[in-house]
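>>> show me how the following folds:
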Amino acid sequence: MATANNNNQDKKPEHTKSELEIMQVLWKYGPCNVRFVNNKLNEKTRTVQYTSTLKLMQLMHAKGLLKRDDTHMQHIYKPAEAEQKTKHHLLEKFVNAFYDGSASSLVMQLLGNKKTSKKEIQLIKEMLDKMDKNL
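Numbers count the residues shown, from 1 in each chain. This next block holds a predicted model:
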């Protein structure tokens, strides 16, 4: 039974880097038209042609990654899934693939590769304390 569940999770559409950039804009600003998304992509990443953004968003809609409201003159797109749910799924796949499902191995790697500030360490401690109380 557990294997069937994992297979269902694996059948979710994979997000490309460009798709995730579009998702970030939609998560930050809410439902948007293609022109707005394209303008935001051009502000923060690289030069992206409007037609490329349009085509990619149409493909994302076809894959079920985006919902589209076409009751207006311009189509308005929004993510089909909540930001946290998508990030949880992607992180789970990443941890399973690279850390054999071990969250602690991932955390140790993260903390070992980057100079963590005192503020970040304090936030991590608070989060762990809160998690410990809920067990």
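
>>> how about low-confidence regions in this protein?
Residues of the chain meeting the criterion pLDDT under 70: 1-13, 45, 114.

>>> can you list the domains in it?
Using automatic domain parsing, the domain parsing of the chain gives 9-79, 83-133.

>>> now the spatially most central residue of the chain: which helix or strand?
What sits nearest the mean C-alpha location of the chain, by C-alpha atoms, centre = their mean, is residue 87, with 4.3 Å. Residue 87 belongs to helix 83-99 when elements are defined using DSSP states H and E.

>>> ok, now residue 47?
Per DSSP H and E, there is no helix or strand for residue 47.

>>> residues contacting residue 132?
Not one residue lies near residue 132 by C-beta atoms under 8 Å, 6 or more residues apart in numbering. C-beta here means a position set from N, CA and C on the backbone, and glycine is covered the same way.

>>> from residue 106, how far out is it?
Noted for residue 132: a distance of 19 Å to residue 106, by C-beta to C-beta, to the nearest Å.

>>> also residue 85?
Computed with C-beta to C-beta, the distance linking residue 85 and residue 106 is 19 Å.

>>> these two: which is more packed in?
More crowded of residue 85 and residue 106, by other C-beta atoms under 10 Å: residue 106, with 15 against 11.

>>> off-centre distance for the helix or strand hosting the more buried one?
Element membership of residue 106, judged by DSSP H and E, is helix 103-113. With C-alpha atoms, centre = their mean, to the nearest Å as the basis, helix 103-113 stands 20 Å off its chain's centre.

>>> now that helix against helix 83-99, angle please.
Going by axes from the mean of the first three to the mean of the last three C-alpha atoms, to 10 degrees, helix 103-113 is angled at 80 degrees with respect to helix 83-99.

>>> which elements pack onto helix 103-113?
helix 83-99 (3 or more C-beta pairs under 8 Å, 6 or more residues apart in numbering; DSSP states H and E).

>>> list the buried residues in the helix it packs on.
With burial defined by 16 or more other C-beta atoms under 10 Å, the residues of helix 83-99 counted as buried are 86, 95.

>>> tell me which strands and helices that helix is in contact with?
Packing partners of helix 83-99 (3+ C-beta pairs under 8 Å, 6+ apart): helix 2-10, helix 17-29, helix 103-113.
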